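A.B. asks: Next input, structure requested:
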Amino acid sequence: MNMKLMMIRTYFGISSMLNPEKAARKSFNIFQKVRKKGIRDREVPFYQDARKFKVQSANEAIDCFELGDPNGGLVILVHGWDSNAGSMSKLAVKFATKGFRVISFNLPGHAFYKSSSTNLLECKNAMIDLLNFIGPKEPVSVVAHSFGAAVVANALSESGYAADRMVFLTNPNKMEDIFTEFKEIIGLRQKAYRALVRHTSQLLGAPIQTLDVSANLKKVKFDKLLLIHDQHDQVLPHTNSFEINSDHKNVQLITMEKVGHYRMLWNEEVTNRSVAFVEGKEVL
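C.D. replies: The predicted structure is shown next:
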């Protein structure tokens, strides 16, 4: 355990006992904090080549990027937490070369935005704003990574837009599991944790369980969903995909090894399987 984390755990261990409500508020701010990272060299060409546009949203306008044939089948790419649209650029370029219209966007609080904090509610609303701006007449295809899968499930369940093929490259499932893990990481005591969950539920206007991925997928009109997950993923356990696969009939789970959590976005096999699946081909 590094020194910074030890200090955080000590602070929340003490403040949880002295003032649980204050500890809950401060922990919520940390929970929403995005660790902004610089654009990596391999992501730069994407930002140089993409057609850029903005979509108005509640806070900052959404940074959007488009590649490929404007008249091609629409594929929306959604990146994960602490990442940016450029992280999906290998997939974006591959889809574009296949004749698709590819649109991706930076989630609120990420990349070039002034803000450096966000949450699933804001990100879901951003995707809905993008969908409303595009106004697709036909079902869209979607490829999402990690946290982006939760964004997609929540946005589509609420917006009413239908999806054709969807690909989740690792994914969370139950939001309570994420909150519990966060509680353990920062050393939040039980009373403060309950206050954190209560505060979050008040923000949502509903229990945190309403954000669960599998539950929201049951409200989404989609043809097929492909899950690709590393069996030993160190960020999001493989059990998340196993649970979703068990809950739905039109879902296929491909379990891989040694593709990691972030590295999978640059893996040739993962890219080829994702594109082939969206094309309507059988993948194994």
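A.B. asks: C-alpha only now, for contacts and for neighbours.
C.D. replies: Will do.
A.B. asks: Contacts only, for the residue most central in space within the chain.
C.D. replies: The chain has Gly148 as the residue nearest its centroid, 1.4 Å off, counting by C-alpha atoms, centre = their mean. Taking C-alpha atoms under 8 Å, 6 or more residues apart in numbering as the criterion, Gly148 is in contact with Val78, His79, Gly80, Trp81, Asn171.
A.B. asks: how does it look with 6 Å?
C.D. replies: By C-alpha atoms under 6 Å, 6 or more residues apart in numbering, Gly148 lies in contact with Val78, His79, Gly80.
A.B. asks: what about dumping the CA coordinates of the helix or strand of the chain with the lowest mean pLDDT to CSV?
C.D. replies: Every helix and strand of the chain was ranked by mean pLDDT, DSSP states H and E. The lowest is helix 3-18, at a mean of 89. Extracted in CSV, the C-alpha atoms of helix 3-18 (Å, rounded to 0.1, in the frame of the first residue of the first chain):
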residue,chain,number,x,y,z
MET,A,3,1.7,6.3,1.3
LYS,A,4,-1.0,8.4,-0.3
LEU,A,5,-3.5,5.5,0.0
MET,A,6,-2.5,5.0,3.6
MET,A,7,-3.2,8.6,4.3
ILE,A,8,-6.6,8.5,2.6
ARG,A,9,-7.6,5.3,4.5
THR,A,10,-6.5,6.9,7.8
TYR,A,11,-8.5,10.1,7.1
PHE,A,12,-11.7,8.3,6.2
GLY,A,13,-11.3,5.8,9.0
ILE,A,14,-11.2,8.6,11.5
SER,A,15,-13.7,11.0,9.8
SER,A,16,-16.2,8.1,9.4
MET,A,17,-16.4,7.8,13.1
LEU,A,18,-16.4,11.5,14.0
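A.B. asks: any idea which helix or strand comes after that helix?
C.D. replies: Using DSSP states H and E, the helix or strand that follows helix 3-18 towards the C-terminus is helix 20-31.
A.B. asks: who's in contact with that following helix?
C.D. replies: So helix 20-31 is contacted by Ser15, Ser16, Ala192, Ala195, Leu196 (C-alpha under 6 Å, 6+ apart).
A.B. asks: Of those residues, which is the nearest to Ala61?
C.D. replies: Set against Ala61, the nearest of the contacts of helix 20-31 by C-alpha to C-alpha is Leu196 (28.7 Å).
A.B. asks: continuing past the longest strand along the chain, what's the next helix or strand?
C.D. replies: For the chain, the longest strand by residue count, based on DSSP state E, is strand 222-230. Following strand 222-230 in sequence order, the next helix or strand is helix 239-247 (DSSP H and E).
A.B. asks: Buried residues of that next one, list them for me.
C.D. replies: In terms of neighbour count (16 or more other C-alpha atoms under 10 Å), helix 239-247 has its buried residues at Asn240, Ser241, Phe242, Ile244, Asn245.
A.B. asks: secondary structure element for Ala58?
C.D. replies: Under the criterion DSSP H and E, no helix or strand holds Ala58.
A.B. asks: Glu122 versus that one, what's the distance?
C.D. replies: Counting by C-alpha to C-alpha, to the nearest Å, the gap between Ala58 and Glu122 amounts to 9 Å.
A.B. asks: For the two, indicate the residue with more neighbours.
C.D. replies: In terms of neighbours (other C-alpha atoms under 10 Å), Glu122 is the more surrounded of Ala58 and Glu122; the figures are 18 against 10.
A.B. asks: How about the contacts made by the more buried one?
C.D. replies: Under the contact definition (C-alpha under 6 Å, 6+ apart), no residues are listed for Glu122.
A.B. asks: host element of it?
C.D. replies: Following DSSP H and E, one finds Glu122 within helix 120-134.
A.B. asks: Let me know the next secondary structure element after that helix.
C.D. replies: Counting by DSSP H and E, the element after helix 120-134 in chain order, helix or strand, is strand 140-145.
A.B. asks: Could I get the buried residue list for that next one?
C.D. replies: Of the residues in strand 140-145, those buried by neighbour count under the rule 16+ other C-alpha under 10 Å are Val140, Ser141, Val142, Val143, Ala144, His145.
A.B. asks: That one pairs with which strands, and in what direction?
C.D. replies: Using DSSP bridges, strand 140-145 pairs in its sheet with strand 74-78 (parallel), strand 163-169 (parallel).
A.B. asks: That one versus helix 120-134: what angle between them?
C.D. replies: Going by axes from the mean of the first three to the mean of the last three C-alpha atoms, to 10 degrees, strand 140-145 is angled at 150 degrees with respect to helix 120-134.
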